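Engineer: need coordinates for the below:
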Amino acid sequence: MKTYDLVEKLVSVPAVGGEEEKIISMLKEILSSYGKVETDAVNNVICTFGNGYHILLDAHIDEIGLTVTSIADDGFLKVAACGGIDKRMLLGSEVTVWGNEALNGVISTLPPHLQKASDEKKVPEINDISVDVGLDKDTAEKLIPLGSKITFKRQFTPLLNNQISSNCLDDRAGVASLISALDELKKLPIKVTVLLSTQEELGTRGAKTGPYGRDVDEAIAVDVSFGYTPGCDKEECGEIGKGAMIGISPTLDKNISAELIEAAKENDIKYQLEVMSGRTGTNADVISISESGIKCGLLSIPLKYMHSPVEVVDLSDIEGVSDLIVAYAKRKAGAENA
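Structural biologist: Next up, the predicted model:
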């Protein structure tokens, strides 16, 4: 499947942290042709195939969203955050409420004519936000159980220069890069476990449990990271279209990072370095201390407008991460079988 089509398919399904069930059946179907597929108690989707040196590859499937906490007398929904949602993006946004059925909604916003001068630069607190689904309280209560999840309206928009925009490319872009690598990985004399993990946005919960009992030799986590836009510090960002971001951090295995760089150089794969002073803010942080410790590396896809309804990536960066995973695995397979 072409990268464009794969990403479009992956972002079409909601999977707010803790309720990833809707995407699980799709992922199990995709992975079933590669090896044994299973899910665990926290809904991680895990596929294992091959024999030999054992590499775990991780990307998370969950996305940020909102949770319905109450329904007001006027029928408006009150909400809480589910993951690190950007409050600045909420007012006036189109959303989908995933109750007993999918309902379109909008987040209410005060017209500028009715605002006070102090309101212009005010960022609302989550408990000040109301979601309007156009229903009275009695009807809303029948269709929307408390605890129902809300996402930004699903969208997939092609842009110029090979870029695409969607509301959950964090981290469906990473999932796409892993899936795209599987045909080549399947041919290698190594063992691979693909961990498509849940609840990363709720504290890397799926990746904390997923590696247990797998007896892996090392791991690579794949996520997104900050792509440069005006107003950002260039030293803290990657650049869209400039290739995979290879993580460098005291919490990552320095030999894996070095070998990823060598694999990129040997295969003329574009890459850029992401230097961090400590924790990476990704599943790599918990995978590396799972069980008695697992050597872990990190690859990231530069992404603009993280945790917003209009996240943007370059498809070539997704493909570059996939190519680098394959090149690294070939290098590792050759060394281990020499």
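
Engineer: now do the helices in the stretch 51-200 of the chain.
Structural biologist: Under the criterion DSSP state H, counting those that start in this stretch, helices of the stretch 51-200 of the chain are mapped to 137-143, 169-185.

Engineer: what's the most buried one of those helices?
Structural biologist: Highest mean neighbour count of those: helix 169-185, a mean of 25 (counted as mean count of other Cβ atoms under 10 Å). For glycine as for every other residue, the C-beta is placed from the backbone atoms N, C-alpha and C.

Engineer: distance from the chain centre to that helix, please.
Structural biologist: Relative to its chain's centre, helix 169-185 lies at 11 Å (Cα atoms, centre = their mean, to the nearest Å).

Engineer: got it, and stretch 73-90?
Structural biologist: On Cα atoms, centre = their mean, the centre of stretch 73-90 falls 20 Å from that of its chain.

Engineer: how long is it from one end to the other?
Structural biologist: 22 Å (Cα to Cα, to the nearest Å).

Engineer: ok, the closest residue in space to residue 307 that isn't next to it in sequence - how many residues close by?
Structural biologist: With sequence-adjacent residues excluded and distances taken as Cβ to Cβ, 6 or more residues apart in numbering, residue 307 is closest to residue 86, at 4.7 Å. By other Cβ atoms under 10 Å, 14 other residues sit near residue 86.

Engineer: try residue 190
Structural biologist: With other Cβ under 10 Å as criterion, residue 190 counts 21.

Engineer: thinking it is in contact with residue 332, fair?
Structural biologist: Yes. If you go by Cβ atoms under 8 Å, residue 190 and residue 332 touch, sitting 6.7 Å apart.

Engineer: so what sits against both of the two?
Structural biologist: Shared contacts of residue 190 and residue 332, defined by Cβ atoms under 8 Å, 6 or more residues apart in numbering, comprise 53, 55.

Engineer: go through stretch 295-311 and flag the buried ones.
Structural biologist: Buried residues in stretch 295-311, defined by neighbour count with 16 or more other Cβ atoms under 10 Å: 295-309, 311.

Engineer: what's the most distant pair in those?
Structural biologist: 295 and 309 (36.7 Å; Cβ to Cβ).

Engineer: ok, residue 30 to residue 13 distance?
Structural biologist: 12 Å (Cβ to Cβ, to the nearest Å).

Engineer: the residue nearest to the spatial centre of the chain and residue 332, how far apart?
Structural biologist: Central residue of the chain (Cα atoms, centre = their mean): residue 171, 1.6 Å from the mean position. Distance, residue 171 to residue 332, using Cβ to Cβ: 23 Å.

Engineer: do the same with residue 132
Structural biologist: 53 Å.

Engineer: more neighbours: the two, which one.
Structural biologist: Shown here are residue 132 and residue 332; by other Cβ under 10 Å, residue 332 has more neighbours (20 against 15).

Engineer: residue contacts, the residue nearest to that one when sequence neighbours are not counted?
Structural biologist: In space, and not counting its chain neighbours, residue 332 is closest to residue 53: 6.3 Å by Cβ to Cβ, 6+ apart. For residue 53, the contact set (Cβ under 8 Å, 6+ apart) comprises 190, 191, 217, 332, 333, 336.

Engineer: residue 58: which of the residues you listed is nearest?
Structural biologist: For the contacts of residue 53, the nearest to residue 58 is residue 217 (14.3 Å; Cβ to Cβ).

Engineer: residues in contact with the spatially closest residue to the closest one that is not a sequence neighbour?
Structural biologist: In space, residue 217 comes closest to residue 54 once its chain neighbours are excluded; the distance is 4.7 Å by Cβ to Cβ, 6+ apart. Counting by Cβ under 8 Å, 6+ apart, residue 54 makes contact with 190, 191, 192, 193, 214, 215, 216, 217, 218.
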